[in-house]
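Student: I would like the atomic coordinates for the input below:
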Amino acid sequence: MYAPRSPPPSPTSRQLAIIRFGLARIVPIDDEAPFAEIAAAAGLGEVHVRRLIRHAISQHVFQEPRPGVATHSAAPRLIAEDADLAAWVRWRADDCWIAAYHACEAVARWPGSEEPNETGFAVANPTSLTMFDFLATQPERASRFAAGMRLYAAHSDLDLQYLVKAWSWGELPKGATVVDVGGSHGEAAIALARAYPSLSFVPADVGGRIRYMIHDFFTEQPVHGADVYLYRACFHDWSHRYAVRMLQALIPALKAGARVILNDVVVPGPEEMSPGLAAGVRTGDLGMMILFNAGDSEMAEWARLFEAASSGFHFKGGKGHRAQGCGFWRQSGRDIVHS
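Tutor: Here you go, the predicted model:
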């Protein structure tokens, strides 16, 4: 008589074990380690370590050159050598996985919610805070998320050259002011300032033409009368309801003819995506729902967002690109004029 087999372990469980217990760091980079030594260093039982590592080996993670001995393959070696990558894998395999597990409970508990604290992440932890507010109370987990964002920002598809070339910045009048809303450390403003010396920027100092300012983009924009307000990867963290609020907070600062430039995700229509591309795009979109009750938008949805915010916005469309090997299309520039 045979018992039914349990479902196979997911790759995520293997990743979590390797990262949480530091198995990649324990195995010497250019040497080998017996399972018994790895178990002792990790504070685990040898039987458990043997099973975890041999399952990983079946997926080309680690090697077993002879029975009971592990060496690195490319993947765990990279994790051992790159602290940011290790932190990001931990974030994905631990924090995100548990949030995804609770996503169905969240959508059942709060049907149709657009609130950022009514998510799979909120159920998993549990908390009544948004993910960002919760991470502010959890320094170690926040550092894992920050490490992942550093890796994400380094992706070729997010190279600032696309932003610099996406729009006719050079046609702005000399001394024109560009406000990089939610600009973090100012990387976008610095890149634009170097390419267009005649412009001034608000969010690092490049010849005195860039200044930082603390601002909550859900409150009224303090810099009035600027020529351009740039939002780079700000909106897809927020649901439609909050994105409308973000834009409406900007309106009192806008002069006639001011432009709003977005550099953000544009989801292709279903007919434009191959199955392989669709898998990556839909997974990313679902991830935003699980963490934030947000998501990525098609071009028509971007247009409707500005219509909902104010009849004074005139959506001028945009252009996109997709880097080779990347599962996202990026909107390099979207021009909205406010009258």
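Student: residues touching the residue lying closest to Arg245 once chain neighbours are set aside, list them.
Tutor: Spatial nearest neighbour of Arg245, excluding adjacent residues (CB to CB, 6 or more residues apart in numbering): Phe218 at 5.6 Å. For the C-beta atoms, the positions are set from N, CA and C on the backbone; glycine is no exception. Phe218 makes contact with 242, 245-246, 249, according to CB atoms under 8 Å, 6 or more residues apart in numbering.
Student: what do you get if the cut-off is 7 Å, keeping everything else the same?
Tutor: Phe218 sits next to 245-246, 249 when contact means CB atoms under 7 Å, 6 or more residues apart in numbering.
Student: quick one: which of these sit in helices?
Tutor: Among the contacts of Phe218, the ones falling in helices (DSSP state H) are 245-246, 249.
Student: Stretch 147-164: which residues count as buried?
Tutor: Buried residues in stretch 147-164, counted by 16 or more other CB atoms under 10 Å: 147-148, 157-158, 160, 162-164.
Student: What mean pLDDT does that stretch get?
Tutor: Averaged across stretch 147-164, pLDDT comes to 84.
Student: Do me a favour and average the pLDDT over the top helix by length along the chain.
Tutor: Counting by DSSP H, the longest helix found in the chain is helix 275-292. The average pLDDT within helix 275-292 is 91.
Student: Can I get it in CSV? Just the C-alpha atoms.
Tutor: Output of helix 275-292 as CSV, limited to C-alpha atoms (Å, rounded to 0.1, in the frame of the first residue of the first chain):
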residue,chain,number,x,y,z
PRO,A,275,2.6,33.9,-23.4
GLY,A,276,6.2,34.2,-22.1
LEU,A,277,6.0,38.0,-21.8
ALA,A,278,2.5,37.8,-20.3
ALA,A,279,3.7,35.6,-17.5
GLY,A,280,6.2,38.1,-16.3
VAL,A,281,4.0,41.1,-16.8
ARG,A,282,1.0,39.5,-14.9
THR,A,283,3.2,38.2,-12.1
GLY,A,284,4.6,41.7,-11.5
ASP,A,285,1.1,43.2,-11.6
LEU,A,286,-0.2,40.6,-9.1
GLY,A,287,2.8,41.3,-6.9
MET,A,288,1.8,44.9,-6.6
MET,A,289,-1.7,43.9,-5.6
ILE,A,290,-0.4,41.5,-2.9
LEU,A,291,1.8,44.2,-1.3
PHE,A,292,0.0,47.5,-2.0
